[in-house]
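In: Quick one: sequence and predicted model below, then my questions.
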Amino acid sequence: MYPLSRANQAMGITWKQAMQSWAFRSWLIIGHILLITIFLVLPYFFDHIELRDGVFLNDPLLQVLPAKDLSTPIFICIWSTTALLIYRCFFNPVIMITAMYGFILVLFTRMLTISLVPLDAPEGLIPLIDPISNLAYGNAQFITKDLFFSGHTSAMFLMSLCLLKRQDKMWAFIAAVLVGSMVLIQHVHYTIDVVAAPVFTYGCYWLGVQISLSGWYKGQMTTLIRQRVR
């Protein structure tokens with residue numbers, strides 16, 4: 001196993017070099033299969049949790065925040081940052097493989113925590129309109145009980161971890177803070193959902209790095225990995 005910081009040092013590895021590694025190609029294929037499988041399962045999962053009874057939390061912060069529809073700025077923050085991440089993936093396979101496995105683990109962990117912590121929607125919830133993200137809901141227009149922990153906040157925080165350039169990380173982190181704040185203002189999540197998201201996400205990111213990159217760092221990649229972010 002390699003330290004987590006090693007992933008943020010691998011700036012010199014090109015796609016051509018990465019694809020010469022059998023380990024990288026294997027993890028890439030497995031990752032795509034897992035992602036497709038999870039996305040096929042998600043609509044059925046969301047249908048199930050939406051029908052069950054949950055616990056209503058008394059959230060002091062939401063009580064003082066007037067509910068307001070911020071779907072448009074949330075959409076802009078999420079998908080502008082996603083576009084940046086995708087763009088960086090075209091040039092850096094380390095970002096691609098790290099983000100892929102981090103996202104897979106975040107999705108799996110959310111399914112687990114949502115199953116174990118049944119919650120009812122916060123009072124005053126305003127449906128979040130995101131025509132892209134809502135594709136995962138299947139036939140439902142909006143899901144109200146996918147609460148603990150916040151998927152929007154965790155996705156943004158994960159992108160800030162996976163991006164390597166300082167200015168990219170700064171933008172993604174600011175966007176993550178904005179999204180976390182706005183989903184609270186829209187009463188889409190409880191405070192605990194947003195606060196817990198970075199904790200779970202960092203664990204998923206760390207584990208994703210260990211799973212997908214540790215074996216790939218051996219051999220001819222060693223000298224390239226020593227390059228640091230500038």
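Out: Arrived safely. Numbering: from 1, shown residues only.
In: From Ala172, how far out is the residue nearest to the spatial centre of the chain?
Out: When Cα atoms, centre = their mean is applied to the chain, the residue found nearest the centroid is Ala155 (2.5 Å). According to Cβ to Cβ, to the nearest Å, Ala155 stands 10 Å off from Ala172. For the C-beta atoms, the positions are set from N, CA and C on the backbone; glycine is no exception.
In: just so I have it, where are all the helices in this protein?
Out: Remark: helices assigned in the chain by DSSP state H are 15-19, 22-51, 60-64, 71-89, 93-116, 151-162, 166-185, 191-213, 222-225.
In: What sits closest to Ile74 if chain neighbours are left out?
Out: Met182 (5.1 Å; Cβ to Cβ, 6 or more residues apart in numbering).
In: Count the neighbours of the one you found for me.
Out: 21 (other Cβ atoms under 10 Å).
In: Would you check that Val55 makes contact with Asp120?
Out: Yes. Using Cβ atoms under 8 Å, Val55 is in contact with Asp120, at 6.3 Å.
In: more neighbours, the two?
Out: Ranked by neighbour count (other Cβ under 10 Å), Val55 and Asp120 place Asp120 first, with 15 against 9.
In: What does that one show for phi and psi?
Out: Note on Asp120: its backbone torsions stand at phi -90, psi 160 [degrees, to the nearest 10].
In: Between the helices of the chain, which one is closest to Pro127.
Out: For the helices of the chain, the distance to Pro127 is smallest for helix 71-89, at 8.0 Å, taking Cβ to Cβ.
In: just checking, what packs against that closest one?
Out: Contacts defined by 3 or more Cβ pairs under 8 Å, 6 or more residues apart in numbering; DSSP states H and E place helix 71-89 against helix 93-116, helix 151-162, helix 166-185.
In: tell me the angle of it relative to helix 151-162?
Out: Interaxial angle, helix 71-89 versus helix 151-162 (axes from the mean of the first three to the mean of the last three Cα atoms, to 10 degrees): 30 degrees.
In: what separates helix 71-89 from the chain centre, distance-wise?
Out: 12 Å (Cα atoms, centre = their mean, to the nearest Å).
In: How about residues contacting it?
Out: 95-96, 99, 127-130, 132-133, 152, 155-156, 159, 162-165, 168, 171-172, 175, 178-179, 182-183, 186 (Cβ atoms under 8 Å, 6 or more residues apart in numbering).
In: now stretch 44-55
Out: 111, 114-115, 118-120, 136-138, 140, 143-147.
In: in that stretch, what's buried?
Out: Within stretch 44-55, the residues scored as buried using 16 or more other Cβ atoms under 10 Å are Phe45, Phe46, Ile49, Glu50, Gly54.
In: still on that earlier bit, most tightly surrounded among the helices and strands packed on helix 71-89?
Out: helix 151-162 (a mean of 26; mean count of other Cβ atoms under 10 Å).
In: Against which helices or strands is that helix packed?
Out: Right, helix 151-162 is packed against helix 71-89, helix 93-116, helix 166-185, helix 191-213 by 3+ Cβ pairs under 8 Å, 6+ apart.
In: mind putting the ones you listed in JSON lines, distance to Phe24 and mean pLDDT included?
Out: Listed next are these as JSON lines, based on distance: least, Cβ to Cβ, whole Å; pLDDT from 0 to 100:
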{"stretch": "helix 71-89", "distance to Phe24": "14", "mean pLDDT": "96"}
{"stretch": "helix 93-116", "distance to Phe24": "7", "mean pLDDT": "95"}
{"stretch": "helix 166-185", "distance to Phe24": "22", "mean pLDDT": "96"}
{"stretch": "helix 191-213", "distance to Phe24": "9", "mean pLDDT": "91"}
